[in-house]
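Chemist: A predicted structure for the sequence below; I have some questions about it.
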Amino acid sequence: MTNLFDIKGKVALITGSTHGLGMAMAKGLGQAGATIVVNGNSSQQKIDDAVKELQSEGIQAVGYKFNVTDESEVKEAVQKIENEVGPIAILINNAGIIKRIPLIEMEVADFKEVIDIDLVSPFIVSKHVAKGMIERRQGKIINICSMMSELGRNTVGAYAAAKGGLKMLTKNMATEWAKYNVQINGIGPGYFATEQTKPIRVDGHPFNDFIISRTPAAKWGDPGDLAGAAIFLSSKASDFVNGHILYVDGGILATIGKPSNEE
């Protein structure tokens, strides 16, 4: 049974993995024996620091700086990784941004930037990584979706449009590539306790209280909670799972919520 979840020695490229949920998944896969390829674009120092952090925990890790929205950079980086590290067996498209602007006030340039990073870049990176996977007749691609792949929310229209599109891109990748023994699935994280959410995760803060009451599990997720889902979708255990979005959200999408007078 343990062989089903064995990813030892597999090369896993995780975009946008210098911090946050990307780093959490890198640690999870790395602790399970995968060789982690850290990616970022804003700073070589951030990449180097992330690699050192992983290595300090006994994880095999390397880092590559490239812009996931630039196809020529992606093509060159994928070739370099496969030549220097090994065939990419696992790809996690995690890089993304969010701009909290009401749609009526949002500039077209801002809308396009979110779509470019959150939706177009998974297409670009997957396209170039999948070529090798198809040739080898084996591979795992995980697109990081969102609850906004299913629901809307004030001020995140561009993000919701991108993540809704990423859900359908995931399904279409599976439609086209499943016959080559490549599994393409998604993970839809709920609300997680990260450094970015730390300022609002305090009792009495309206959004903190909203998340606690809205989530059937009655808590924020721990970033480590994503590791199990990522390992499952990266391993043989998911060989007949394709085009599926696995929501790791404490049950938010399972319920309509409850009135304020209910406990």
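Modeler: Sure, I can see it.
Chemist: just the strands in the stretch 151-263 of the chain please.
Modeler: 182-189, 245-248 (DSSP state E, counting those that start in this stretch).
Chemist: list the buried residues for the longest one?
Modeler: Meaning strand 182-189. Across strand 182-189, burial judged by 16 or more other CB atoms under 10 Å covers 182, 183, 184, 185, 186, 187, 188, 189. Backbone N, C-alpha and C define where each C-beta goes, glycine included.
Chemist: partner strands of that strand, with direction?
Modeler: Strand pairing for strand 182-189, using DSSP bridges, gives strand 139-144 (parallel), strand 245-248 (parallel).
Chemist: list the buried ones in the first one?
Modeler: Read it as strand 139-144. Quick answer for strand 139-144 (16+ other CB under 10 Å): 139, 140, 141, 142, 143, 144.
Chemist: CA atoms only: put the lowest-mean-pLDDT helix or strand in the chain into PDB for me.
Modeler: Least confident helix or strand of the chain, by mean pLDDT, DSSP states H and E, is helix 206-214 with a mean of 92. The C-alpha coordinates for helix 206-214 follow below in PDB (Å, rounded to 0.1, in the frame of the first residue of the first chain):
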ATOM      1  CA  PRO A 206     -14.700  40.600  11.200                       C
ATOM      2  CA  PHE A 207     -13.100  38.400   8.600                       C
ATOM      3  CA  ASN A 208     -11.600  36.000  11.100                       C
ATOM      4  CA  ASP A 209     -15.000  35.600  12.700                       C
ATOM      5  CA  PHE A 210     -16.600  35.100   9.300                       C
ATOM      6  CA  ILE A 211     -14.200  32.300   8.300                       C
ATOM      7  CA  ILE A 212     -14.500  30.500  11.600                       C
ATOM      8  CA  SER A 213     -18.400  30.600  11.400                       C
ATOM      9  CA  ARG A 214     -18.500  29.900   7.700                       C
END
